[in-house]
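Enquirer: sequence plus the predicted model coming up.
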Amino acid sequence: MLVSHVLVPPPWKRSFPRPRTESRGSWRRGTSAPSWGIKNTSLLPPDTASPIVVTGFEPLDVLQGIAMCVAQLETGRAEVENQYARSVRREGNTTAQQLMADVFRVVPRKWRGVGEIPQSGLGLREAYADFDAERRFGPAAAATNVDSECLSGLVLQGVLKPHQCPAFATRCTPERPLGAPMVSSEGACAAYYRYRRLQPADAPVSERHP
């Protein structure tokens, strides 16, 4: 078994303090929230506090999540809110959490375009070492390498928008991706690439996509 699970709070802590980041709030997708709940979302330090909304996937979920985030910004609040209440409880699935704790331990993890972040991943405990493919066949660190012209790390941290990367839509496309945000159909670069023809007509030339 090759374990590649990641933990989200550590990269959040690294990204949000950056003064160049334009993000004023964030959504947490409801993918893992039913298991983990929303209590761990509160691990951001107070000096980087910003609205966080756990949101579902239906159009009305997204719209309500936007409304809840905007309402927090307009009233000067920075809280964790749960829009996806029909599937997510604050404490999550405690049985699943206990099983995860029995099998996995917290380890450093390398993030494509960002580098290694302490305590940001999961690895198998010693009791399951015989099933650990990385121990048996060697580390898979090469898989985290990113092309030098790819600025996906800055995109992931909210410092750059995808179309501001020189490789976007030229040397980096969904068919030939250079970085993680273009690999996934849910990635920011892939979304910008797919909808780049729908930009506002009055957008400044410097802000228009290639």
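Expert: Received the coordinates, thanks.
Enquirer: now for the longest helix that the chain contains, which elements pack on it?
Expert: Ordering each helix of the chain by length in residues (DSSP state H) puts helix 59-74 first. The contact analysis (3 or more C-beta pairs under 8 Å, 6 or more residues apart in numbering; DSSP states H and E) places helix 59-74 against strand 52-55. C-beta coordinates here come from the backbone N, C-alpha and C atoms, glycine included.
Enquirer: can I get the strand it packs on in PDB, CA atoms only?
Expert: The C-alpha coordinates for strand 52-55 follow below in PDB (Å, rounded to 0.1, in the frame of the first residue of the first chain):
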ATOM      1  CA  ILE A  52     -14.500  29.300   6.500                       C
ATOM      2  CA  VAL A  53     -17.600  27.600   5.200                       C
ATOM      3  CA  VAL A  54     -18.000  23.900   4.800                       C
ATOM      4  CA  THR A  55     -20.100  23.600   1.600                       C
END
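Enquirer: pull up the pairing partners for it, direction included.
Expert: When pairing is defined by DSSP bridges, strand 52-55 lines up against strand 26-29 (parallel), strand 80-82 (parallel).
Enquirer: may I see the buried residues of it?
Expert: For strand 52-55, the neighbour count (16 or more other C-beta atoms under 10 Å) marks Ile52, Val53, Val54, Thr55 as buried.
Enquirer: let me know the pLDDT of the first one.
Expert: The predicted structure scores Ile52 at 85 on the pLDDT scale.
Enquirer: partners of it in the sheet?
Expert: When bridges are called by DSSP bridges, Ile52 pairs up with Ser26, Val80.
Enquirer: thought it was touching Arg24?
Expert: No. Counting by C-beta atoms under 8 Å, Arg24 is not a contact partner of Ile52; they are 11.3 Å apart.
Enquirer: what's the longest strand in this protein?
Expert: Using DSSP state E, we find that the single longest strand of the chain is strand 115-124.
Enquirer: what helices and strands are in contact with that strand?
Expert: helix 9-15, strand 104-111.
Enquirer: direction included, what does the longest one pair up with?
Expert: Right, the one you point to is strand 104-111. strand 115-124 (antiparallel).
Enquirer: ok, back up a step: could the helices and strands packed on strand 115-124 go into CSV alongside mean neighbour count, distance to Pro174 and mean pLDDT?
Expert: Formatted as CSV, the helices and strands packed on strand 115-124 follow (neighbours: other C-beta atoms under 10 Å; distance: least, C-beta to C-beta, whole Å; pLDDT from 0 to 100):
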stretch, mean neighbour count, distance to Pro174, mean pLDDT
helix 9-15, 17, 23, 75
strand 104-111, 16, 21, 92
